[in-house]
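Enquirer: Model the structure of this input:
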Amino acid sequence: ERRIVLSQYLTAIQSSGSLPPQESGLTHNSWYGKFHLEMHWWHSVHFALWNRTELLENNMGWYSDILPQAKALAASQGYNGARWPKCIAPDGVNGPCYIEPFLIWQQPHPIY
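Expert: Prediction:
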């Protein structure tokens, strides 16, 4: 029980801000603090499962904020709709990498 409470506390303070959490939280800052959106689901879905949806809602609005960039990314790759970037800065711009714009495993979590 102590580990569960500690884990919930640590993820709340590191993953429930106004932006999606970065790759590894605040304890160990990797990837220069950029978000890796495939990790957002792993870092945040438990808020809904533990009936703490207000903590999850804190950063879900960010997807609406960057929707124009997500639509532009999809269009640039010949897709309809939106493609959420992978390694990303707070303003919705992809991090500099040749492969990240083409990875697709980060896509389902906003729908989940």
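Enquirer: got a list of what residue 61 touches?
Expert: Applying C-beta atoms under 8 Å, 6 or more residues apart in numbering, we find residue 61 in contact with residue 18. (Glycine included, C-beta is placed from N, CA and C.)
Enquirer: next one: the one 4 residues further on
Expert: Listed by C-beta under 8 Å, 6+ apart, the contact partners of residue 65 are residue 92.
Enquirer: and the gap between it and residue 91?
Expert: Distance of residue 65 to residue 91, computed by C-beta to C-beta, to the nearest Å: 9 Å.
Enquirer: Tell me the helices and strands packed up against the lowest-mean-pLDDT helix or strand in the chain.
Expert: Within the chain, judged by mean pLDDT, DSSP states H and E, the helix or strand with the poorest mean is strand 35-36; its value is a mean of 74. With contacts defined as 3 or more C-beta pairs under 8 Å, 6 or more residues apart in numbering; DSSP states H and E, the secondary structure elements packing on strand 35-36 are strand 87-88.
Enquirer: Residue 103 reaches residue 86, doesn't it?
Expert: Yes. With contact defined as C-beta atoms under 8 Å, residue 103 reaches residue 86; the gap is 5.1 Å.
Enquirer: These two: which is more packed in?
Expert: residue 86 (23 against 16; other C-beta atoms under 10 Å).
Enquirer: okay, that one: pLDDT?
Expert: Looking at residue 86, its pLDDT stands at 78.
Enquirer: what do you get for residue 101?
Expert: Value listed for residue 101 in the pLDDT field: 67.
Enquirer: Repeat that for residue 49.
Expert: With respect to pLDDT, residue 49 has a value of 87.
Enquirer: if I look at it, how far off is residue 8?
Expert: 11 Å.
Enquirer: can you check residue 44 too?
Expert: 12 Å.
Enquirer: These two: which is more packed in?
Expert: Higher neighbour count among residue 44 and residue 8: residue 44, with 21 against 15, using other C-beta under 10 Å.
Enquirer: residues touching the more buried one, list them.
Expert: 11, 15, 16, 20, 21, 55, 56, 59.
Enquirer: Got phi/psi on the last one?
Expert: Okay, so that is residue 59. Dihedral pair for residue 59: phi -110, psi 0, per degrees, to the nearest 10.
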